[in-house]
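1. what's the 3D shape of this:
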Amino acid sequence: MDHIVLFDDPKSRGNLLPFTFTRPIAEIRIGIFKISEKWQNSLHAKDLGFVTQNYLQAKYPPLNQKALYINGALCPDEALLDAINALNENEALWQNDTLLATFFDKPEDFHNDHLPTKKSVEFEEDIRLLSRNWQIFLWNGDEIKKDFSLISKRRVSWGTDDPHTHMYNEPSIFIEKGAKVRAAILNATNGPIYIGKNTEVSEGSMIRGPFALCEGAILSMGAKIRENTTVGPYCKVGGEVSNTVFFGHSNKSHDGYIGNSVVGEWCNFGANTVVSNMKNNLMPVKVWDYTKGGYGDTGLQFCGSMVADHTKLGIGTTLNTGTVIGVGSNVFGEGFPRKFVSSFAWGDGSVGFSTFKLMKFEETAQKVMALKGKEFDENERAILQKVFEITRPYRIWDKEF
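-> Residues are numbered from 1 along each chain as shown. The predicted model follows:
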């Protein structure tokens, strides 16, 4: 398939907030790759487009040509790929009332809903359709295994010549060229370990697979990384981490604990920040549900925090089990903040918040992105200005910092 377009599943997007405030669903990282990268790699697509929220389309444009349209919340597997490859242009692949894939000549056809002219083909196998934000960490270990098989197929690991690094089950460890691994323990007994290009695993790091360290990322000295964790591109991560996904360009380089959590891009965790992932009474964790405007039950005993893009946590911050923090927030101080912190909140979480003034937020974002060689461009600015406006109802205070 030369041309593919990934569309936001309308039933999933709201449930994947706050992460989908700033990206299409298919740009969520789960496993080693983003969902979009999984599809592009699996179908060997030359061109990739998106159908998403209008304010995101400038950064994530569609394709103005005939293309295969795929539900962006879907993670590919062999059975699904076989069904899609067998699909004719006049057919649409469904599971119950969920559209999985079909062909359109142009984006307008998708928006005008030309589906009644398509012959329906029912897909009866199990699918992995991302519809809740906690599924990102819940499914991450399995997705690492699938992505590892794809990325290591017919390739040879670059390995390490460091005599002080010990590797368990070395055939399930893949180290890319340019990676530096020093005096570390890599245990792939229970799942594969992927160490990406130009990464650094510092002295004393202990890693259990499944685990992915993506391009340019760094593990700090003495890092303790438990199973089912992904450290996205150009992140710096240290302390103790368990079953957590960092999308990219975020820092948690100091001591502290985070588990069963999802962290967006451009976030920073101050030293000794601790994220609780289990209630003392062992009851199921409830998290903020944007679609309901209240808290919903996850059914999970272990659920840490959902931390959206550009959020900063001061030193010694403690987050309660099931905390959700929106885009562009700055949280600090002693004690636990409320379990739902709206976007662009600023202040001592145990006392209360004011609004992080947009101009000051943009100044900070520009500096942070420049440190990692990225430009805070007009597309980025427009997206965040829109998110500031659409999240205004959640900020129940009226002061601006």
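2. just checking, residue 206 touches residue 225?
-> Yes: taking contact to mean C-beta atoms under 8 Å, the distance of 6.8 Å between residue 206 and residue 225 places them in contact. The C-beta positions use only the backbone N, C-alpha and C, and glycine is treated the same way.
3. higher neighbour count, the two?
-> Counting neighbours by other C-beta atoms under 10 Å for residue 206 and for residue 225 shows that residue 225 has the greater number, 26 against 17.
4. list the contacts of that one.
-> 205, 206, 207, 208, 211, 219, 231, 237, 241 (C-beta atoms under 8 Å, 6 or more residues apart in numbering).
5. how close does it get to residue 239?
-> Separation of residue 225 from residue 239 (C-beta to C-beta, to the nearest Å) stands at 10 Å.
6. picking that back up, what touches both of residue 206 and residue 225?
-> For the pair residue 206 and residue 225, no residue contacts each of them under the criterion C-beta under 8 Å, 6+ apart.
7. about what we covered before: let's see which of the contacts of residue 225 end up in helices.
-> The members of the contacts of residue 225 all map outside helices under DSSP state H.
8. could you check the pLDDT of the residue lying farthest from the centre of the chain?
-> Farthest-out residue of the chain from its mean C-alpha position, per C-alpha atoms, centre = their mean: residue 117, at 35.3 Å. As predicted, residue 117 sits at a pLDDT of 78.
9. look up the closest residue to it, ignoring the ones flanking it.
-> Across the structure, with C-beta to C-beta, 6 or more residues apart in numbering as the measure, the residue nearest residue 117 apart from its sequence neighbours is residue 90 (7.6 Å).
10. tally of neighbours for the one you found?
-> Residues near residue 90, counting by other C-beta under 10 Å, number 10.
11. torsion angles phi and psi at it?
-> The phi/psi pair for residue 90 (degrees, to the nearest 10) reads phi -100, psi 20.
12. show me the shaky parts of this structure.
-> Within the chain, the ranges that satisfy pLDDT under 70 run 112-114, 398-401.
13. if you set the cut-off to 90 instead, what comes out?
-> Low-confidence segments of the chain, defined by pLDDT under 90: 1-2, 106-118, 334-335, 349-352, 396-401.
14. all helices for it, in order.
-> All helices of the chain, identified by DSSP H, fall at 35-43, 78-85, 107-111, 135-138, 140-152, 358-371, 378-390.
15. so can I have a markdown table of these showing distance to residue 100?
-> Conversion of these to a markdown table gives the following (distance: least, C-beta to C-beta, whole Å):
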| stretch | distance to residue 100 |
| --- | --- |
| helix 35-43 | 12 |
| helix 78-85 | 7 |
| helix 107-111 | 14 |
| helix 135-138 | 17 |
| helix 140-152 | 18 |
| helix 358-371 | 35 |
| helix 378-390 | 28 |
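16. out of the ones you listed, nearest to residue 290?
-> The minimum distance between residue 290 and those falls on helix 378-390, with 10.7 Å, by C-beta to C-beta.
17. just the CA trace of that closest one, in PDB.
-> These are the backbone C-alpha positions of helix 378-390, laid out as PDB (Å, rounded to 0.1, in the frame of the first residue of the first chain):
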ATOM      1  CA  GLU A 378       3.500  28.300  14.400                       C
ATOM      2  CA  ASN A 379       1.800  24.900  14.100                       C
ATOM      3  CA  GLU A 380       2.700  24.100  17.700                       C
ATOM      4  CA  ARG A 381       1.700  27.500  18.900                       C
ATOM      5  CA  ALA A 382      -1.700  27.300  17.200                       C
ATOM      6  CA  ILE A 383      -2.400  23.900  18.600                       C
ATOM      7  CA  LEU A 384      -1.600  24.900  22.100                       C
ATOM      8  CA  GLN A 385      -3.600  28.100  21.900                       C
ATOM      9  CA  LYS A 386      -6.600  26.100  20.800                       C
ATOM     10  CA  VAL A 387      -6.100  23.600  23.600                       C
ATOM     11  CA  PHE A 388      -5.900  26.600  26.000                       C
ATOM     12  CA  GLU A 389      -9.300  27.700  24.800                       C
ATOM     13  CA  ILE A 390     -11.200  24.400  24.700                       C
END
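18. report the angle between it and helix 358-371.
-> Relative orientation of helix 378-390 with respect to helix 358-371: 140 degrees, computed using axes from the mean of the first three to the mean of the last three C-alpha atoms, to 10 degrees.
19. so which elements touch helix 378-390?
-> On a contact count with 3 or more C-beta pairs under 8 Å, 6 or more residues apart in numbering; DSSP states H and E, helix 378-390 meets helix 358-371.
20. show me which parts of the helix it packs on are buried, residue by residue.
-> Going by neighbour count (16 or more other C-beta atoms under 10 Å), the buried part of helix 358-371 is 358, 361, 362, 364, 365, 368, 369.
21. ok, now stretch 60-76?
-> Residues of stretch 60-76 classed as buried by neighbour count (16+ other C-beta under 10 Å): 60, 62-63, 67-76.
22. please apply the same query to stretch 98-106.
-> Buried residues in stretch 98-106, defined by neighbour count with 16+ other C-beta under 10 Å: 98, 99, 100, 101, 102, 103, 104.
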